[in-house]
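Colleague: Provided below for reference: sequence and predicted model.
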Amino acid sequence: MLAALTLPRVPIFRFDSETMYILSESSDGNRHLLTIINVYCPRSDPDRPERKAFKLDFYKALEERAGALVEDNK
């Protein structure tokens, strides 16, 4: 199953043009077995400091999403 990136308290749409996030979950019908996240992260440019901020914002959003998955035992 593929799911869109939805993050608590983070307006993820601002990352849509430069990132890729695929969440894959598997179960045996009764219990959750495995969650895999494949991520393509934004690049930063040393000549453009706003790019580093964008990248770090994305990493923060990803960290929050991963934390939510852990809290949900996924």
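Modeller: Looks like it came in fine.

Colleague: can you give me the strands in this protein?
Modeller: Under the criterion DSSP state E, strands of the chain are mapped to 2-3, 20-27, 32-40.

Colleague: what's the distance between residue 29 and residue 74?
Modeller: Distance, residue 29 to residue 74, by Cβ to Cβ, to the nearest Å: 16 Å. Where you see a C-beta, it was placed from the backbone N, CA and C, and this is true even at glycine.

Colleague: Likewise for residue 26?
Modeller: From residue 26 across to residue 74, the span is 10 Å (Cβ to Cβ).

Colleague: Which one of those two is surrounded by more residues?
Modeller: Taking other Cβ atoms under 10 Å, residue 26 and residue 74 do not tie; residue 74 has more neighbours (14 against 10).

Colleague: and that one, what does it touch?
Modeller: The contact partners of residue 74, taken as Cβ atoms under 8 Å, 6 or more residues apart in numbering, are 25, 32, 35.

Colleague: picking up where we left off before, what's the overlap in contacts for residue 26 and residue 74?
Modeller: Listed contacts common to residue 26 and residue 74 are 32, 35; contacts here mean Cβ under 8 Å, 6+ apart.

Colleague: Output the strands of the chain as TSV; include the columns distance to residue 55.
Modeller: Putting the strands of the chain into TSV (distance: least, Cβ to Cβ, whole Å) gives the following:
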stretch	distance to residue 55
strand 2-3	23
strand 20-27	14
strand 32-40	12
